[in-house]
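Chemist: Below: sequence and its predicted model.
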Amino acid sequence: MNLDGLDPVILAPALAAGGLVVVTHVPLGQQVLKRGIIFIDLAIAQIAGLGVLLATVWGFEDSGWGIQVIAFGAALLGALLLYLCERRWPQTLEAVIGSVFVLAASAGVLLLAHNPHGGEHLKDLLVGQILWVGFAQLWPVLGLYALVLGAWFGLKARDRPVLFYVLFALTVTASVQLVGVYLVFASLIIPALAVRRIGARRRALLAGYATGLLGYGLGLLVAALADLPAGGVIVWALTLVGLLVAFSLNASPARRAAT
């Protein structure tokens, strides 16, 4: 056990980053689950990551606006492509989404084939580096997520497919660079899956928020104490908390009475 890992200077911004991701991803994930397009998360996240890799190969700085524009442009094109596929081939949409994910992932591998640090870049893209996030990095993300949430709830984006895809691409582009592809998928799907049996939308949203925040908090704590990669541990922590929440909802007296 590594008590030195419990450094608030490192854990506080990491937990704040996780909180920002949870606040935006839970409502998006619930809509993804409702629409039955589960793997769109992985596909758009991978496309956004591919945009980041492209910008890196082209020489853009990691913290510059150029890399953000390229990453968002890639994610937006991918999201709109999938929207058109949803309109035209709804029966095979999941297969198309899976194919897009594989193509984007393979393109990333090919881009970094001759890069001596390619393996490290791919690892950072997938698992993320949440413990290296600082508060200065979070302020622009906070502003972006505030706009996304304002549009989501104020404009009822869940009922407007094009706006849903645009907001999804914008959100995922930012979150992939904060926490990595795996945590983006886990943050979108696991809390939404855990509380899917709650009928009331507001209650389901609050329960999803609680599930996500507990998962991030537990994962960061275990990762710090055990000196393990935070991204992978948080995915498992989210899953454990999600299972406990789902089982508790299924075992509640109200649920048993309803069945």
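Modeler: On my side now, so go ahead.
Chemist: Is there a neighbour count for residue 152? I'd like the number.
Modeler: The number of residues packed near residue 152 is 21, by other CB atoms under 10 Å. (C-beta placed from N, C-alpha, C; glycine too.)
Chemist: Thought residue 27 was touching it, still the case?
Modeler: Yes: here residue 152 lies in contact with residue 27, judged by CB atoms under 8 Å, at a distance of 6.0 Å.
Chemist: who touches both of these two?
Modeler: residue 158 (CB atoms under 8 Å, 6 or more residues apart in numbering).
Chemist: Now do the helices for the stretch 51-200 of the chain: every range, in order, please.
Modeler: 65-88, 93-111, 118-127, 135-154, 161-179, 181-194 (DSSP state H, counting those that start in this stretch).
Chemist: okay if I get these as a markdown table plus mean pLDDT and distance to residue 231?
Modeler: Converted to a markdown table, the helices of the stretch 51-200 of the chain look like this (pLDDT from 0 to 100; distance: least, CB to CB, whole Å):
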| stretch | mean pLDDT | distance to residue 231 |
| --- | --- | --- |
| helix 65-88 | 86 | 19 |
| helix 93-111 | 89 | 17 |
| helix 118-127 | 78 | 4 |
| helix 135-154 | 92 | 16 |
| helix 161-179 | 89 | 7 |
| helix 181-194 | 93 | 6 |
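Chemist: Please work out which of the ones you listed is packed deepest.
Modeler: helix 181-194 (a mean of 26; mean count of other CB atoms under 10 Å).
Chemist: Pull out the CA atoms of that helix and give them to me as PDB.
Modeler: Taking C-alpha atoms only, helix 181-194 is exported to PDB below (Å, rounded to 0.1, in the frame of the first residue of the first chain):
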ATOM      1  CA  VAL A 181     -11.000   6.000 -25.000                       C
ATOM      2  CA  TYR A 182     -11.700   3.300 -22.400                       C
ATOM      3  CA  LEU A 183     -12.900   5.700 -19.700                       C
ATOM      4  CA  VAL A 184     -15.000   7.600 -22.200                       C
ATOM      5  CA  PHE A 185     -16.900   4.400 -23.100                       C
ATOM      6  CA  ALA A 186     -17.200   3.300 -19.500                       C
ATOM      7  CA  SER A 187     -18.400   6.700 -18.300                       C
ATOM      8  CA  LEU A 188     -21.100   6.800 -21.000                       C
ATOM      9  CA  ILE A 189     -22.400   3.300 -20.700                       C
ATOM     10  CA  ILE A 190     -21.900   1.800 -17.300                       C
ATOM     11  CA  PRO A 191     -23.800   4.400 -15.200                       C
ATOM     12  CA  ALA A 192     -26.600   4.500 -17.800                       C
ATOM     13  CA  LEU A 193     -26.800   0.700 -17.800                       C
ATOM     14  CA  ALA A 194     -26.800   0.500 -14.000                       C
END
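Chemist: what packs against it?
Modeler: In terms of contacts (3 or more CB pairs under 8 Å, 6 or more residues apart in numbering; DSSP states H and E), helix 181-194 is packed against helix 8-35, helix 40-57, helix 118-127, helix 161-179, helix 201-226, helix 230-251.
Chemist: and those, which one is worst for confidence?
Modeler: Note on these: helix 118-127 shows the lowest mean pLDDT, a mean of 78.
Chemist: Just give me how far that helix sits from the chain centre.
Modeler: 16 Å (CA atoms, centre = their mean, to the nearest Å).
Chemist: name the helices or strands packed onto it?
Modeler: Counting by 3+ CB pairs under 8 Å, 6+ apart, the packing neighbours recorded for helix 118-127 are helix 40-57, helix 93-111, helix 181-194.
Chemist: Kindly calculate the angle that it makes with helix 230-251.
Modeler: Using axes from the mean of the first three to the mean of the last three CA atoms, to 10 degrees, the inter-axis angle of helix 118-127 relative to helix 230-251 is 20 degrees.
Chemist: still on that earlier bit, I'd like to know which of the helices of the stretch 51-200 of the chain lies nearest to residue 249.
Modeler: Each of the helices of the stretch 51-200 of the chain has some distance to residue 249 by CB to CB; the shortest is helix 181-194, at 7.8 Å.
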